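Novice: Structural data only, the sequence is not supplied:
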């Protein structure tokens with residue numbers, strides 16, 4: 001093969017690689033920007049620091065400390081907001097706290113990523129640790145915060161919300177649940193913040209080994225479409241939409257105020273015989289959680305934010 005032939009062949013190979021990179025789904029180009037293994041490790045650390053996090057407990061205080069410890073750089077800039085409030089519950093007034101971590105973007109608008117960080121209050125007297133139900137998604141948002149610290153949003157601002165009081169204090173109802181996001185939605189309606197929110201996205205129960213994210217019908221249709229596109233972009237479509245149902249979750253107070261909302265949740269958490277066998281039981285433990293599922297969740301969240309920026 002002469003020099004010209006070798007050069008032509010090399011150019012052909014380079015052009016083929018370039019075309020492949022251009023045609024590759026954009027999310028795969030930034031694949032694993034947040035490590036599922038790192039999120040899993042954070043979940044372990046969170047559970048060790050605050051295994052039982054029901055409101056008013058030492059574990060709840062430890063959980064608050066854990067969150068604040070991971071956002072000291074944002075606190076120094078005034079971008080960690082402590083939102084203390086008092087909620088009227090079936091057992092009286094309870095003090096609760098939301099934490100908001102702000103990562104300013106370059107466009108006018110806010111994408112909110114939210115999760116509850118506490119554990120179920122009625123289960124306070126059993127060994128309920130909420131590894132999937134609150135712990136792993138708290139770890140996921142902390143890891144996403146670390147990513148946005150190093151890679152500031154180039155589109156809309158991204159705000160992380162660690163909300164309190166998602167769980168019922170006595171028995172789930174419209175008045176005994178979602179305390180943190182009901183408070184926050186009302187507060188942001190009053191000060192005008194809510195008009196700047198482009199999407200309010202909830203992370204809930206998306207760490208377990210057999211995860212398949214529910215097509216949640218209280219979510220805004222165009223955001224469900226973006227989540228489906230994100231599944232294709234990231235190669236995770238098999239983790240989406242095997243089941244469909246309406247779920248009452250932290251997005252509802254914002255949906256009621258006409259904010260676009262998306263609940264990223266796998267409500268089925270159990271066995272084929274009993275799809276809710278692990279939900280709100282002592283079986284919701286770290287052995288049910290998978291770094292692979294947390295990787296899928298991290299990839300999807302990053303890609304959905306990117307797609308909303310482009311929407």
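Specialist: Yes, it's here. Computed from a predicted structure; not experimentally measured. Numbers count the residues shown, from 1 in each chain.
Novice: Tell me who's in contact with the residue nearest to residue 123 when sequence neighbours are not counted.
Specialist: Leaving aside its sequence neighbours, residue 123 sits nearest to residue 280 (C-beta to C-beta, 6 or more residues apart in numbering; 6.2 Å). (Glycine included, C-beta is placed from N, CA and C.) Applying C-beta atoms under 8 Å, 6 or more residues apart in numbering to residue 280 gives the contacts 120, 123, 128, 133.
Novice: Just give me the closest of those to residue 300.
Specialist: residue 133 (18.6 Å; C-beta to C-beta).
Novice: pretty sure the closest one is in a helix, no?
Specialist: Yes: counting by DSSP: H, G, I helix; E, B strand; the rest coil, residue 133 is part of a helix.
Novice: where do the helices sit along the stretch 201-311 of the chain?
Specialist: Taking DSSP state H, counting those that start in this stretch, the helices of the stretch 201-311 of the chain run over residues 221-234, 252-255, 291-310.
Novice: Any idea which of those helices gets closest to residue 50?
Specialist: Across these, closest to residue 50 is helix 291-310 (C-beta to C-beta), at 18.5 Å.
Novice: List the buried residues for the closest one?
Specialist: Residues of helix 291-310 classed as buried by neighbour count (16 or more other C-beta atoms under 10 Å): 291, 293-309.
Novice: what do you get for stretch 140-150?
Specialist: Those would be 140, 141, 142, 143, 144, 145, 146, 147, 148, for stretch 140-150 by 16+ other C-beta under 10 Å.
Novice: same check, this time on stretch 151-169
Specialist: 153, 155-169.
Novice: Now it: average pLDDT?
Specialist: Averaged over stretch 151-169, pLDDT sits at 98.
Novice: and what of stretch 102-118?
Specialist: 98.
Novice: Give me the contact list for the lengthiest strand in the chain.
Specialist: Taking DSSP state E as the criterion, the chain has its longest strand at strand 92-103. Residues outside strand 92-103 that contact it (C-beta under 8 Å, 6+ apart) are 55-56, 64, 67-68, 71, 74, 79-87, 117, 145, 148-149, 152-153, 157-165, 169, 179-180, 183-184.
Novice: What residues sit buried inside that strand?
Specialist: Neighbour count says strand 92-103 has 94, 96, 97, 98, 99, 100, 101, 102, 103 buried, by 16+ other C-beta under 10 Å.
Novice: Dump the residues you listed to TSV, plus distance to residue 217.
Specialist: Putting the buried residues of strand 92-103 into TSV (distance: C-beta to C-beta, whole Å) gives the following:
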residue	distance to residue 217
94	31
96	28
97	31
98	26
99	29
100	28
101	29
102	30
103	30
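Novice: Tell me the one among those nearest to residue 32.
Specialist: Closest to residue 32, out of all of the buried residues of strand 92-103 and judged by C-beta to C-beta, is residue 103, at 19.9 Å.
Novice: Would you check how far apart the residue nearest to residue 123 and residue 140 are?
Specialist: The gap separating residue 280 from residue 140 is 20 Å, by C-beta to C-beta, to the nearest Å.
Novice: Quick check: which ranges of the stretch 101-250 of the chain have low pLDDT?
Specialist: Counting by pLDDT under 70, the stretch 101-250 of the chain has no low-confidence residues at all.
Novice: Understood, closing this out.
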